[in-house]
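For reference, the sequence and a predicted model appear below.
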Amino acid sequence: MMRDFKETFLEVIQAVLPLTLAVIVIMLVFTGSNPVHFVSFLSGTVLVIMGMTFFLMGVKLGMLPIGEAIGADLPKHGSLIFIAVVAFLLSFLTTIAEPDVRVLSSMIDSVSEDSIDRNLLLISIAFGVGFFVTASILRIVYGVSIKHLFAISYLIIILLSFFTPSEYLAISFDAGGVTTGPMTVPVIMALGIGTASVLQERSQLSEGFGLIGFASIGPILSIMLLGVLSS
């Protein structure tokens, strides 16, 4: 476990260090930031490094194994309803807990001056992810081509964009981006890989991946529909 912690810590350092150095150069050379801001930034950087290290360790030790185990167990039950309900609930609740989604919903709530309800936005994003992750899992089970699902989904997005208010249209694409965060990605990927691993003649590479891209379509459509219904 200590070896994994050390490797994860070094990975986080490698990821954070270039950005940290760039910000320090900008603060010292270009903006002339005062010492208080500089110390605050360094303190925050240390907290980010430690937080990301512990978070990624938690993902490796808990989220990934349980996600793969659940994904591998779903097809064994043979019940379409059971598979759909479990996949939806897991992806829905994971999205609710996703930090990036909460940051976006808070920013929109603040900028819109409460004209767009934060909780409604959060639930809409989570519902979109849950629905499309469920569709992705069922696609793996029944061997449906992902190309067809992507083509149909983006065609609907293009058509719906003509009827969506401009403010919701912009938010919808941001919502699609923030769902691919550190909480949702490991769980959704593990679900897909776990499901594909127990199905005969299913490649984990071609069938187990693609869920993240497909799941990001869900919030786009759900926020678009929210905008159409609220206009």
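Sure thing, it's come through.

switch to C-alpha atoms for all contacts and neighbour counts from now on
Will do.

what about the chain, any weak spots by pLDDT?
1, 32-33, 75, 77-78, 197-208 (pLDDT under 70).

quick check: domain ranges of it?
Structural domains annotated on the chain: 1-61, 78-230, as defined by automatic domain parsing.

burial count for Ile171?
As a burial measure, Ile171 scores 20 neighbours (other Cα atoms under 10 Å).

Oops, could you answer that again for Ser112 instead?
Ser112 has 13 neighbouring residues, counting by other Cα under 10 Å.

quick revisit: reformat the domains of the chain as TSV; add distance to Ala69.
Compiled in TSV, the domains of the chain are given as follows (distance: least, Cα to Cα, whole Å):
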stretch	distance to Ala69
domain 1-61	13
domain 78-230	6
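
Just say which of these is most tucked in.
Highest mean neighbour count among these (mean count of other Cα atoms under 10 Å): domain 78-230, with a mean of 19.

just how off-centre is that domain within its chain?
8 Å (Cα atoms, centre = their mean, to the nearest Å).

Okay, and Leu221 sits in which element?
Using DSSP states H and E, Leu221 maps to helix 217-230.

Could you measure from Thr45 over to Leu90?
32 Å (Cα to Cα, to the nearest Å).

before we move on, what about Val185?
12 Å.

ditto for Ala215
Applying Cα to Cα, the value for Ala215 to Leu90 is 13 Å.

Same question for Leu10.
For Leu10, the distance to Leu90 equals 31 Å [Cα to Cα].

cool, and Gly194?
Relative to Leu90, and taking Cα to Cα, Gly194 is found at 14 Å.

And the helix or strand harbouring Glu11, what does it pack against?
According to DSSP H and E, Glu11 maps onto helix 2-25. Secondary-structure packing of helix 2-25 (3 or more Cα pairs under 8 Å, 6 or more residues apart in numbering; DSSP states H and E): helix 35-58.

After the helix it packs on, which helix or strand is next?
Heading C-terminal from helix 35-58, the first helix or strand you meet, by DSSP H and E, is helix 64-77.

what sits up against that next one?
82-83, 141, 186-188, 190-199 (Cα atoms under 8 Å, 6 or more residues apart in numbering).

Repeat the analysis, applying 10 Å as the threshold.
The contact list for helix 64-77 (Cα atoms under 10 Å, 6 or more residues apart in numbering) reads 58-60, 63, 80, 82-84, 86-87, 90, 137-138, 140-141, 185-199.

ditto for stretch 219-231
Here stretch 219-231 has contacts from 116, 120-132, 153-154, 156-157, 160-161, 163-179, 218, using Cα under 10 Å, 6+ apart.
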